[in-house]
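[1] I need the structure of the sequence given here:
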Amino acid sequence: MTIGFIGAGNMARAIITGLLAKNAVTPEEIVLHGGQPIHYEPYAAKIGAKAVASNQAVADTADIVFLAVAPKLGVPILKTIGPTLKQRQVPIVSMLTGVSLASLEDALGSQDQPVLRIMPNVNVAINAGMTAYAANDSVAGQLDGLLDLLNVLGKTMALPEDQFSTFVALAGSSPAFVYLFIDSLSRAGVKYGLTKKQATAIAAQAVMGSAQNVLASEQSPFDLIDQVSSPGGTTVAGLLAMEQAGLMSAVIKGVDATIAKDRQG
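    Residues are numbered from 1 along each chain as shown. Below is the predicted model:
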């Protein structure tokens with residue numbers, strides 16, 4: 001199986017890294033093309049993938065094509081390579097932000113072309129990603145195989161397209177929010193005498209373990225708070241101080257702003 005990538009930016013590379021880490025594909029099975037040879041050719045050589053000179057060359061050879069370019073570039077590219085993809089019935093996996101399945105089908109000139117729209121996050125690089133997807137009707141026969149590939153990268157979830165902006169905030173942008181939270185905890189540790197390295201290791205491990213506990217539990221995160229909070233204890237004091245400072249409101253406002261920006265296109 002040959003997997004093609006049109007676009008070799010950060011998200012495409014994160015997906016490639018995750019696939020290679022789990023031996024889901026070999027480097028020789030990856031073919032890619034990007035906007036500037038100076039950007040994608042050295043990367044392809046580094047990982048052992050095949051760099052090709054055009055988008056058409058990707059369409060001619062790949063069994064699956066990941067479209068990972070800027071949204072404004074995606075539609076013109078699909079109009080160019082659409083006839084080849086249709087003839088070969090190659091599924092398109094689109095990562096174009098804000099470009100709907102209907103728009104992708106229009107660009108391809110066919111509703112019979114298998115199209116899967118996805119929204120991954122950067123954690124796919126370490127096989128701990130979260131990817132939303134929506135599929136057109138024509139992808140049905142190939143959906144299981146595509147999801148098997150994506151599930152190598154972490155978790156997947158089917159979502160209506162009108163919820164993709166919410167997903168962007170909760171999964172796509174949220175790693176940056178979580179990094180900020182970890183860094184804030186770390187700086188507080190430095191304030192009380194730990195080194196930044198010590199404090200960051202403590203905070204990051206605590207966040208990772210807490211996330212795993214949420215996923216493993218049938219209780220809500222709010223219910224899990226009670227398991228850590230003794231009456232009149234240190235945790236309650238910290239929680240009350242954070243709430244007085246507006247932690248929950250700040251998080252929700254951050255999500256609101258992210259969704260609003262994504263919907264602007």
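
[2] And the strands in this structure?
    Residue ranges of the strands in the chain, as given by DSSP state E, are 3-6, 30-33, 50-51, 64-67, 92-94, 115-119, 129-135, 154-158.

[3] In its sheet, which strands sit next to the longest one, and in what direction?
    Listed by DSSP bridges, the sheet partners of strand 129-135 and their directions read strand 115-119 (antiparallel), strand 154-158 (parallel).

[4] wait, Gly9 sits on Leu67?
    No: counting by C-beta atoms under 8 Å, Gly9 stays clear of Leu67, with 11.6 Å between them. Where you see a C-beta, it was placed from the backbone N, CA and C, and this is true even at glycine.

[5] Make JSON lines out of the strands of the chain and add mean pLDDT.
    Shown next, in JSON lines, are these (pLDDT from 0 to 100):
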{"stretch": "strand 3-6", "mean pLDDT": "98"}
{"stretch": "strand 30-33", "mean pLDDT": "98"}
{"stretch": "strand 50-51", "mean pLDDT": "97"}
{"stretch": "strand 64-67", "mean pLDDT": "98"}
{"stretch": "strand 92-94", "mean pLDDT": "97"}
{"stretch": "strand 115-119", "mean pLDDT": "97"}
{"stretch": "strand 129-135", "mean pLDDT": "98"}
{"stretch": "strand 154-158", "mean pLDDT": "98"}
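
[6] Make a markdown table out of those and add distance to Phe164.
    As requested, the strands of the chain are exported to a markdown table (distance: least, C-beta to C-beta, whole Å):
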| stretch | distance to Phe164 |
| --- | --- |
| strand 3-6 | 20 |
| strand 30-33 | 25 |
| strand 50-51 | 31 |
| strand 64-67 | 15 |
| strand 92-94 | 11 |
| strand 115-119 | 6 |
| strand 129-135 | 6 |
| strand 154-158 | 11 |
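
[7] quick one, which of these is nearest to Ala211?
    Ala211 lies closest to strand 129-135 among the strands of the chain, at 11.1 Å (C-beta to C-beta).

[8] Using CSV, write down the CA coordinates of the closest one.
    Extracted in CSV, the C-alpha atoms of strand 129-135 (Å, rounded to 0.1, in the frame of the first residue of the first chain):
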residue,chain,number,x,y,z
GLY,A,129,-3.7,11.8,19.1
MET,A,130,-7.4,12.6,18.8
THR,A,131,-8.8,12.8,15.3
ALA,A,132,-12.3,13.8,14.3
TYR,A,133,-13.7,12.5,11.0
ALA,A,134,-16.6,12.8,8.6
ALA,A,135,-17.1,10.6,5.5
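
[9] contacting residues around it?
    With contacts defined as C-beta atoms under 8 Å, 6 or more residues apart in numbering, strand 129-135 is touched by 14, 18, 101, 115-124, 143, 147, 150, 153-161, 163-164, 167, 171.
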